[in-house]
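Undergrad: Let me see the structure of the following:
(2 chains)
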Amino acid sequence: MSTSLTARMNNRSRRGVIPGIIAILFSIVIFIVPFVFILLTASKPQKEASLLEFSLPTEWHFIENFKTVIATQDYVLIRAFINSFIVTVIAVAIQVVLGAMVGYVLQRRQSKWNGIINIFVMMGLIIPPAVVPTIWVLEGIGLYKTLAGLIAIHVAFGLSFCILLFRAFVETIPRELDEAAIIDGAGPLKLFFRVIFPLLRSTIVTVIVVQAVTVFNDFTYALYFLPGQGNETVQLTLYNYQSQGLNQWNLLFMDVLLITIPPLIMFVFFNGKIQEGMTAGAVKG
Amino acid sequence: MKREKAMMATATQSAQTTGQLDVTAGSVKKKKRGLDRYYPLYFHIPAGVFFVVLFLIPTVASFYFSLTRWTLFDMEFIGLDNFVQFFKEPALITGFVNTFIYAFVTSGTKVILGLALAVLLTSQVLGRNYLRSVVFFPVLVSTIGVGVTWKVLLDPQDGLVNRALEVVGIRGPGWLTDPHLALFSVAGVDVWKGVGLATVIYISGIVAIPSEYVEAAKMDGAGSWEIFRNITLPLCRPATVTVIILSLIGGLRSFDLIWAMTRGGPGFSSDVIASVIYKQYQAGFYGLSTAGNVVLFLVIALIVIPLNMWLNRKGQRS
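TA: Model prediction:
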């Protein structure tokens, strides 16, 4: 590399070095330390963890704590993970398909219903769900305290966001494609599922990632609509752990660590996509 | 798949040629309307069923149930008594006031910090990608996980925060045990968790500003503060509107973080409407709980809808 080029590069990057270093130091104190604290406490023996110190464990009990927390209360955490995954996968799948269908027809067709549907979509984004009457409805259709009920709740409350994203993206698909498919003899179902739906792929990925994080992390709806033992979600196990008031911080933080792993995986693979999706949904909303 | 694409391409061509034949505007319009049957309204039905059954019906019903004494099995119409009780109990008034404080504090802080971070992270700064990631990650972690962790970190004696303050010689307060402080401590954690989203929204707003404006201003000798005041700030207005509306709605509805960290305590000092609703529900006062829901609904509608209209109108004028 020629000297003038390196000099220029140095000059350009030097401007951001000092604020960069300050920001990095701040970020370590404010964001990294809490996560390291979780990791360290989860690795300590019980006595040491109860001191709540920010220090390396004298003995690493990571694997042992892991085994204990999994085995607690008859392997409730494993059941909870299974429940959470079932709810997340099914709820998000339904949201994607139904949200895309509404967003597509809403964008493509001028109908007198559009106004009402748009109002409903905005309502769904803004209005807090009426909790007890929802329980009453769920009880009436026999879905209260069931995973299916919680799935249905997530679909109903999450659709608005999906519809907005899909409607915005359908706008970018040229109508000529629809016409071409129609001339080729596609009916409405074939046109949507074979031609349009595959073209929505980038939005579908966004919706899947964002909604999966939302549903997996949900605590409030699970607390209200899925109470009782036997069908806990992962967030409820953590809440129950904390409510018991036991002095087992190592196990509590092991639980925090474990339920943070799925979002962490999402983050590693889809960070850009999530940020894009969150802003897209936000700006349109 | 490939075959389909090819078919689509030829079909597009033929559609274009037929399009050229239909020159009159009227026939094009008719053709468009003719396409309607390919965009069937019944596509709305499955989503509509979920929405109507689990959102619309409960919401409408809540207006009636809020006027009753209700145990899910028994129901007695008592008029506005629930609302009277809601506003008579000092604890409930605290919850009402706290909701506003919480929402405005978190929302305001997210706007200021989010904008500041976004300006920093769109400039040529060392470690930009790392910083963007690290600020955003808490957005993805569950609120309960965040609440549990910060409850421990803010412990008055053993918590890491107060231990660190001790090293510098400051005696840290009881962040979550002091009634005057608890609500603000939770609000602080809310900002810690949510500022990443505000930052990302601002980043996308700032990146969308055409660089010509900034370059032209630089040519005219504008400093970075002037560029920020006269170009960045006005032109990322849509991002500001979004951050305000989103964080205000989130703040007004907020429940899980408060519940995980303080359960509304000490006393009722950090209760908000949503936590009051949960307490009434837990105690079996379903009518009262639903009345709380209606209050929350009205509060959000009365704040967010006019604010949204006002912010958007102002945006159009400028």
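Undergrad: Quick check: the residue of chain A nearest chain B.
TA: residue A:20 (2.6 Å; CB to the nearest CB). C-betas here are computed from N, CA, C, even on glycine.
Undergrad: got the contact list for that residue?
TA: By CB atoms under 8 Å, 6 or more residues apart in numbering or on different chains, the contact set of residue A:20 is B:125-128, B:131.
Undergrad: For these, which two are the farthest from each other?
TA: B:126 and B:131 (8.8 Å; CB to CB).
Undergrad: what sits in contact with each of those two?
TA: A:20, A:24.
Undergrad: Need the residue closest to the centroid of the chain.
TA: All of this is about chain A. residue A:213 (1.0 Å; CA atoms, centre = their mean).
Undergrad: please go with chain B instead
TA: residue B:246 (3.0 Å).
Undergrad: can I assume that residue sits in a helix?
TA: Yes - assigned with DSSP: H, G, I helix; E, B strand; the rest coil, residue B:246 falls within a helix.
Undergrad: distance of it from residue A:134?
TA: According to CB to CB, to the nearest Å, residue B:246 stands 23 Å off from residue A:134.
Undergrad: now chain B, which segments are flagged as low pLDDT?
TA: B:1-33, B:315-318 (pLDDT under 70).
Undergrad: Which helix or strand contains the residue lying closest to residue B:76 once chain neighbours are set aside?
TA: Excluding the flanking residues, the one nearest residue B:76 by CB to CB, 6 or more residues apart in numbering or on different chains is residue B:69, at 4.5 Å. Using DSSP states H and E, residue B:69 sits in strand B:68-70.
Undergrad: what helices or strands is that strand leaning on?
TA: strand B:75-77, helix B:81-88, helix B:286-317 (3 or more CB pairs under 8 Å, 6 or more residues apart in numbering or on different chains; DSSP states H and E).
Undergrad: how would you label the residue in the stretch 101-250 of chain B positioned nearest to chain A: helix, strand or coil?
TA: Closest approach between the stretch 101-250 of chain B and chain A, counting by CB to the nearest CB: residue B:126, at 2.6 Å. Under three-state DSSP, the three-state class of residue B:126 is coil.
Undergrad: for residue B:266, same thing?
TA: Once three-state DSSP is applied, residue B:266 turns out coil.
Undergrad: Now it, what are its backbone angles?
TA: The phi/psi pair for residue B:266 (degrees, to the nearest 10) reads phi -70, psi 140.
Undergrad: Residue A:237 and residue A:255 touch, don't they?
TA: Yes - counting by CB atoms under 8 Å, residue A:255 is a contact partner of residue A:237 at 6.4 Å.
Undergrad: Mutual contacts of the two, please.
TA: With CB under 8 Å, 6+ apart, residue A:237 and residue A:255 have common neighbours residue A:77.
Undergrad: for chain A, which helix is longest?
TA: Counting by DSSP state H, the longest helix found in chain A is helix A:62-108.
Undergrad: And stretch B:276-287, how far out from the chain middle?
TA: 25 Å (CA atoms, centre = their mean, to the nearest Å).
Undergrad: and the end-to-end length of it?
TA: 13 Å (CA to CA, to the nearest Å).
Undergrad: coming back round to it: which SSE is the residue lying closest to the residue of the stretch 101-250 of chain B closest to chain A once chain neighbours are set aside in?
TA: Among residues not flanking residue B:126 along the chain, residue A:20 sits closest, at 2.6 Å (CB to CB, 6+ apart). Per DSSP H and E, residue A:20 falls inside helix A:17-27.
Undergrad: Show me which residues of that helix are buried.
TA: A:20, A:23-24, A:27 (16 or more other CB atoms under 10 Å in any protein chain shown).
Undergrad: same check, this time on stretch B:90-107
TA: B:92, B:94-96, B:98-99, B:102-107.
Undergrad: wait, does that stretch contact chain A?
TA: No - using CB under 8 Å from any CB of the partner chain, we find that stretch B:90-107 stays clear of chain A, coming within 11.3 Å at best.
Undergrad: For that stretch, which outside residues touch it?
TA: Residues outside stretch B:90-107 that contact it (CB under 8 Å, 6+ apart): B:85-87, B:183-184, B:186-187, B:190-191, B:194, B:243-244, B:247-248, B:250-252, B:254, B:258, B:264, B:268-276, B:292, B:295-296, B:299.
Undergrad: Take the helices and strands packed on strand B:68-70 and lay them out in JSON lines including distance to residue B:39 and mean neighbour count.
TA: Formatted as JSON lines, the helices and strands packed on strand B:68-70 follow (distance: least, CB to CB, whole Å; neighbours: other CB atoms under 10 Å in any protein chain shown):
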{"stretch": "strand B:75-77", "distance to residue B:39": "43", "mean neighbour count": "12"}
{"stretch": "helix B:81-88", "distance to residue B:39": "45", "mean neighbour count": "16"}
{"stretch": "helix B:286-317", "distance to residue B:39": "29", "mean neighbour count": "17"}
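Undergrad: which stretch among those comes nearest residue A:207?
TA: helix B:286-317 (23.6 Å).
Undergrad: and residue B:70, how many neighbours?
TA: Number of residues near residue B:70 (other CB atoms under 10 Å in any protein chain shown) recorded here: 26.
Undergrad: Looks like it contacts residue B:286 (just checking).
TA: Yes - assessed by CB under 8 Å, residue B:70 is found in contact with residue B:286 at 4.4 Å.
Undergrad: Quick check: neighbours shared by these two?
TA: Common neighbours of residue B:70 and residue B:286, using CB under 8 Å, 6+ apart, are residue A:132.
Undergrad: can you map out the helices along the stretch 151-300 of chain B?
TA: Remark: helices assigned in the stretch 151-300 of chain B by DSSP state H, counting those that start in this stretch are B:160-168, B:182-207, B:211-219, B:224-227, B:233-235, B:237-253, B:256-261, B:273-282, B:286-317.
Undergrad: Can you add distance to chain A and give those helices back as TSV?
TA: Output for the helices of the stretch 151-300 of chain B, formatted as TSV (distance: least, CB to the nearest CB, whole Å):
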stretch	distance to chain A
helix B:160-168	5
helix B:182-207	5
helix B:211-219	14
helix B:224-227	11
helix B:233-235	14
helix B:237-253	5
helix B:256-261	5
helix B:273-282	6
helix B:286-317	5
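Undergrad: Identify the residue spatially nearest to residue B:141, adjacent ones excluded.
TA: Here the residue nearest residue B:141, using CB to CB, 6+ apart, is residue A:260, at 5.5 Å.
Undergrad: right, I mislabeled it, should have said residue A:267
TA: Using CB to CB, 6+ apart and skipping residues adjacent in sequence, the residue nearest residue A:267 is residue B:140, 5.4 Å away.
Undergrad: Identify the residues contacting that neighbour.
TA: Contacts of residue B:140 (CB under 8 Å, 6+ apart): A:213, A:217, A:263-264, A:266-267, A:274.
Undergrad: ok, now residue B:248?
TA: Here residue B:248 is in contact with B:103-104, B:107, B:303-304, B:307 (criterion: CB under 8 Å, 6+ apart).
Undergrad: coming back round to it: can you redo the helices of the stretch 151-300 of chain B as CSV, where the extra columns are distance to residue A:31?
TA: Converted to CSV, the helices of the stretch 151-300 of chain B look like this (distance: least, CB to CB, whole Å):
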stretch, distance to residue A:31
helix B:160-168, 14
helix B:182-207, 8
helix B:211-219, 29
helix B:224-227, 26
helix B:233-235, 26
helix B:237-253, 19
helix B:256-261, 17
helix B:273-282, 27
helix B:286-317, 30
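Undergrad: Which among those is found nearest to residue B:41?
TA: helix B:286-317 (27.7 Å).
Undergrad: now that closest one, how far from the centre of its chain.
TA: Computed by CA atoms, centre = their mean, the chain-centroid distance of helix B:286-317 equals 13 Å.
Undergrad: Which neighbouring elements make contact with it?
TA: helix A:113-126, helix A:131-140, helix B:57-65, strand B:68-70, helix B:81-88, helix B:90-122, helix B:237-253, helix B:273-282.
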